[in-house]
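test case, fold it:
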Amino acid sequence: MTFYTIFFVLYALVGYFLFRIGYVNPDASARVGNAGYTMMSRYPHLGAVGFVWNPLPSFVEIPLFRLTYWNSFIRSTGYVGAIQSALFMAGAVFQIRGIALDRQVSTLARWLAIAAFAFHPMVVFYGGCGMSEGAELFLLLWACRHLLRWLQSSAPINLVMCGVALALCYLTRIEATVALAATGVLVFAVSVVRNRPAWGWRGGIQLGIHDAVVVSFLPLFAIFSWSLSSWLLVGSLFDSYTSQYGNAAQVAASGIGTLTQAVGFEGTSLNIAAQLLGMQPLVVVVVAMVLTRAVQKRCIDVLAPLAMFGAILVFQIYAIYTAATFGWFRFFMTAIPLAVVALLITTTPGHPQDRPARVHARRSPVWLVPMLVFVLISSVPSAWAAMMNPAIGKEEFGVRAVIWPDRYSKAEHWAFWGGELSRNTAAWFDNQNLPDGSVLVDTFSLAKTWLASNHPKQFTIRSDYDFFDKVNSPLDSGVHYLLVPKPAGLGKLDAINLRYPTMWSDGAGLATLALSVVNPQGFEQFRIYKINGAG
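Numbers count the residues shown, from 1 in each chain. Model prediction:
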């Protein structure tokens with residue numbers, strides 16, 4: 001546990017630094033908000049966690065919200081999210097160590113592998129920024145570790161544990177469905193080939209189906225259960241895909257398709273290459289070397305990380321080409337464990353009683369340690385440079401304003417000023433001494449304001465049972481103020497803007513502009529309207 005605790009503290013401190021300087025990613029605060037709504041809204045209920053974002057990170061954050069009764073900073077800044085991401089990212093490092101121990105590599109190789117993953121700039125950054133990358137990497141590595149064990153031993157328990165990890169991963173990120181599909185195909189194919197000599201093709205296929213069902217049952221059950229819950233509560237089976245706030249709607253509202261068409265195939269390809277090689281410059285070389293060795297040694301272990309991490313990378317690349325995703329730099333993070341795990345599995349485990357140094361000397365390629373060194377020393381500067389490049393690290397480059405304050409300003413990045421605007425807006429509402437439910441807000445894009453308020457129950461939010469009644473009849477239902485984002489980009493999806501298309505321009509005939517909230521560049525971000533005739 002000491003090993004795990006060291007990295008948890010490291011990532012939690014990074015998170016504290018980021019949140020203390022005011023860097024808060026809206027995706028992180030949205031997940032924290034989802035957790036908070038289940039406990040601190042006017043109508044606390046578990047369904048308030050919502051179905052647009054996969055729920056596991058928010059579920060983990062729910063008990064952490066108890067800490068906010070002693071320290072409001074933890075809630076108002078969303079630092080609860082940083083604790084969640086640090087817990088999971090430290091677990092991901094622990095799984096890298098576990099895979100290295102399973103493969104019986106030398107102590108030097110094990111620590112190089114740990115360092116190549118744990119100190120990668122993107123791992124450090126997202127280990128503390130409160131988003132879901134830590135949980136995704138931990139669960140994929142956990143699944144990959146058990147898949148590797150099954151490839152070595154054929155023990156069914158490893159398929160069960162792999163399925164548990166993939167089920168939880170689906171409750172974290174949608175991309176888990178890609179890893180599940182690739183893993184299911186791999187398990188089926190390997191099982192058929194292994195069992196054909198003893199049972200023939202028919203028996204081999206039957207056993208292959210059996211093993212594929214074992215590894216897929218729990219993930220499919222998670223998909224079914226979460227979809228059914230979504231359908232029962234909000235009327236949509238796959239809310240994260242098809243709802244008003246789903247991925248397709250967000251991408252369309254942001255104009256990603258237009259941008260992709262503007263740069264064309266060549267420009268998109270260059271962007272993908274810059275992100276992939278910025279994340280892990282040697283990933284292509286590593287995969288090629290490991291595949292070559294696998295063919296020479298007739299070893300199929302390399303298929304495990306390719307199915308678990310490589311499949312997600314391929315999916316992300318396809319999604320960027322088809323303008324189905326925002327294409328953030330962090331979406332390429334699976335390249336990090338892909339390179340590290342691929343190198344580790346070039347060592348074939350020996351007898352459990354064998355000393356790792358002896359196994360390493362006899363069963364590892366001579367280039368394993370040098371390649372781990374190259375992966376470590378190349379990824380740190382390349383990833384850091386990519387993160388500080390606004391064309392690649394669109395979510396990360398704002399940190400340069402803290403490192404080089406004489407050259408860059410915090411005002412250039414929304415992750416800084418978004419939190420300040422939200423805190424100021426929340427303070428304005430708090431000073432009005434308003435009754436519960438008197439401020440109507442769609443928290444899809446304004447979760448930070450709710451989190452920053454000392455009186456969160458003054459807001460009527462999207463998960464409240466009377467939200468749509470108040471949207472349709474604000475004056476008759478006791479609403480005093482409306483908080484609405486600018487109807488551009490994701491603001492187009494706001495429920496109030498959709499119900500009253502002219503709200504931003506003229507108050508829709510039912511409200512008067514009370515306050516405009518302006519960002520450091522002088523552009524309005526959201527407005528506060530007072531309902532005509534309200535007290």
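
longest helix anywhere in this structure?
Assignment by DSSP state H gives helix 176-234 as the longest helix of the chain.

next helix or strand past it?
The helix or strand immediately downstream of helix 176-234 is helix 239-242, counting by DSSP states H and E.

what element comes up after that following helix heading to the C-terminus?
Next element after helix 239-242 (DSSP H and E): helix 247-254.

tell me which residues touch the nearest residue to Ser132 once chain neighbours are set aside, please.
Sequence neighbours aside, Pro57 is the residue nearest to Ser132 in space, at 4.9 Å (criterion: C-beta to C-beta, 6 or more residues apart in numbering). Quick note: C-beta positions are derived from backbone N, CA and C, even for glycine. Residues in contact with Pro57 (C-beta atoms under 8 Å, 6 or more residues apart in numbering) are Arg31, Gly81, Gln84, Ser85, Phe88, Met131, Ser132, Ala135, Thr172.

just the pLDDT for the fifth one.
Same thing as Phe88. Phe88 is assigned 98 on the pLDDT scale.

that one contacts Trp142, doesn't it?
No. The pair Phe88 / Trp142 is not scored as a contact, 10.4 Å apart, by C-beta atoms under 8 Å.

okay but Tyr529 is in contact with Val479, surely?
No. Tyr529 lies out of contact with Val479 (C-beta under 8 Å); the separation is 10.0 Å.

who has more neighbours out of those two?
Comparing Tyr529 with Val479 by other C-beta atoms under 10 Å, the one with more neighbours is Tyr529, at 25 against 22.

mind checking how far that one is from Gln275?
As for Tyr529, its distance to Gln275 is 41 Å (criterion: C-beta to C-beta, to the nearest Å).

ok, Lys410 next?
For Lys410, the distance to Gln275 - C-beta to C-beta - is 25 Å.

go on, Gly47?
Distance from Gly47 to Gln275, by C-beta to C-beta: 36 Å.

higher neighbour count, these two?
Remark: of Gly47 and Gln275, Gln275 carries more neighbours, 23 against 15, as counted by other C-beta under 10 Å.

which strands or helices does the helix or strand encompassing the more buried one pack on?
Per DSSP H and E: Gln275 is located in helix 256-279. Judged by 3 or more C-beta pairs under 8 Å, 6 or more residues apart in numbering; DSSP states H and E, helix 256-279 is in contact with helix 283-297, helix 311-321, helix 335-344, helix 368-387.

mind redoing it with 6 Å?
Contact partners of helix 256-279 among helices and strands, from 3 or more C-beta pairs under 6 Å, 6 or more residues apart in numbering; DSSP states H and E: none.

that one: how far from the chain's middle?
Put simply, helix 256-279 sits 21 Å off its chain's centre (C-alpha atoms, centre = their mean, to the nearest Å).

so what's the residue count around the residue nearest to Ala386 when sequence neighbours are not counted?
In space, and not counting its chain neighbours, Ala386 is closest to Gly278: 3.0 Å by C-beta to C-beta, 6+ apart. Other residues near Gly278 number 22, with proximity taken as other C-beta under 10 Å.

got the confidence number for Gly278?
pLDDT at Gly278 comes out at 97.

circling back to that earlier point, so how far is Ser29 from the residue nearest to Ser132?
Going from Pro57 to Ser29 by C-beta to C-beta gives 12 Å.

same check, this time on Met371
For Met371 relative to Ser29 (C-beta to C-beta), the value is 39 Å.

and the residue nearest to Ala386, what does it touch?
Ser382, Ala386, Ile392 (C-beta atoms under 6 Å, 6 or more residues apart in numbering).

contacting residues around the last one?
Ile392 is in contact with Ala274, Gln275, Gly278, Phe329, Ala386, counting by C-beta under 6 Å, 6+ apart.

how about 8 Å then?
Asn271, Ala274, Gln275, Gly278, Phe329, Ala386.

closest to Gly489 out of those?
Phe329 (19.4 Å; C-beta to C-beta).

quick one on the thing from earlier: neighbour-wise, which of Met371 and Ser29 wins?
Comparing Met371 with Ser29 by other C-beta under 10 Å, the one with more neighbours is Ser29, at 29 against 23.

what's near enough to touch the nearest residue in space to the more buried one that is not next to it in sequence?
Nearest residue to Ser29, sequence neighbours excluded (C-beta to C-beta, 6+ apart): Gly78, at 4.3 Å. Gly78 sits next to Phe19, Val24, Ala28, Ser29, Val32, Gly33, Gly130, Lys448, Leu451 when contact means C-beta under 8 Å, 6+ apart.

now distance to Tyr4, secondary structure and pLDDT too, for those, in JSON lines please.
As requested, these are arranged in JSON lines below (distance: C-beta to C-beta, whole Å; DSSP: H, G, I helix; E, B strand; the rest coil; pLDDT from 0 to 100):
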{"residue": "Phe19", "distance to Tyr4": "22", "secondary structure": "helix", "pLDDT": "88"}
{"residue": "Val24", "distance to Tyr4": "26", "secondary structure": "coil", "pLDDT": "86"}
{"residue": "Ala28", "distance to Tyr4": "22", "secondary structure": "helix", "pLDDT": "90"}
{"residue": "Ser29", "distance to Tyr4": "26", "secondary structure": "helix", "pLDDT": "89"}
{"residue": "Val32", "distance to Tyr4": "23", "secondary structure": "helix", "pLDDT": "91"}
{"residue": "Gly33", "distance to Tyr4": "28", "secondary structure": "helix", "pLDDT": "91"}
{"residue": "Gly130", "distance to Tyr4": "19", "secondary structure": "coil", "pLDDT": "93"}
{"residue": "Lys448", "distance to Tyr4": "31", "secondary structure": "helix", "pLDDT": "88"}
{"residue": "Leu451", "distance to Tyr4": "28", "secondary structure": "helix", "pLDDT": "89"}
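
tell me which two of those residues sit farthest apart.
Phe19 and Gly33 (14.8 Å).

neighbour count: the two, which is higher?
Higher neighbour count among Phe19 and Gly33: Gly33, with 34 against 24, using other C-beta under 10 Å.

now tabulate the contacts of Ile392 in JSON lines and tack on distance to Gln458.
Below are the contacts of Ile392 laid out as JSON lines (distance: C-beta to C-beta, whole Å):
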{"residue": "Asn271", "distance to Gln458": "44"}
{"residue": "Ala274", "distance to Gln458": "46"}
{"residue": "Gln275", "distance to Gln458": "42"}
{"residue": "Gly278", "distance to Gln458": "44"}
{"residue": "Phe329", "distance to Gln458": "37"}
{"residue": "Ala386", "distance to Gln458": "42"}
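
burial of Gly204, as a residue count?
With other C-beta under 10 Å as criterion, Gly204 counts 18.

distance of the residue nearest to it when sequence neighbours are not counted from Asp211?
Residue nearest to Gly204 in three dimensions, not counting chain neighbours: Arg196, with 3.8 Å by C-beta to C-beta, 6+ apart. As defined by C-beta to C-beta, Arg196 lies at a distance of 13 Å from Asp211.

could you give the number of residues near the closest residue to Val290 other than its chain neighbours?
Excluding the flanking residues, the one nearest Val290 by C-beta to C-beta, 6+ apart is Ala342, at 4.5 Å. Burial of Ala342 is recorded as 26 neighbouring residues (other C-beta under 10 Å).

go ahead and confirm Ala342 touches Leu303.
No. Between Ala342 and Leu303 there is no contact under C-beta under 8 Å: 10.5 Å.

where in the stretch 251-400 of the chain is pLDDT low?
Judged against pLDDT under 70, the low-scoring parts of the stretch 251-400 of the chain cover residues 257-259, 350-362.

helices of the stretch 51-200 of the chain, residue ranges please.
56-64, 72-76, 79-103, 107-118, 121-128, 133-153, 156-170, 176-234 (DSSP state H, counting those that start in this stretch).

distance to Glu266 for those - can I get that in a markdown table?
Converted to a markdown table, the helices of the stretch 51-200 of the chain look like this (distance: least, C-beta to C-beta, whole Å):
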| stretch | distance to Glu266 |
| --- | --- |
| helix 56-64 | 37 |
| helix 72-76 | 45 |
| helix 79-103 | 35 |
| helix 107-118 | 32 |
| helix 121-128 | 26 |
| helix 133-153 | 29 |
| helix 156-170 | 34 |
| helix 176-234 | 26 |
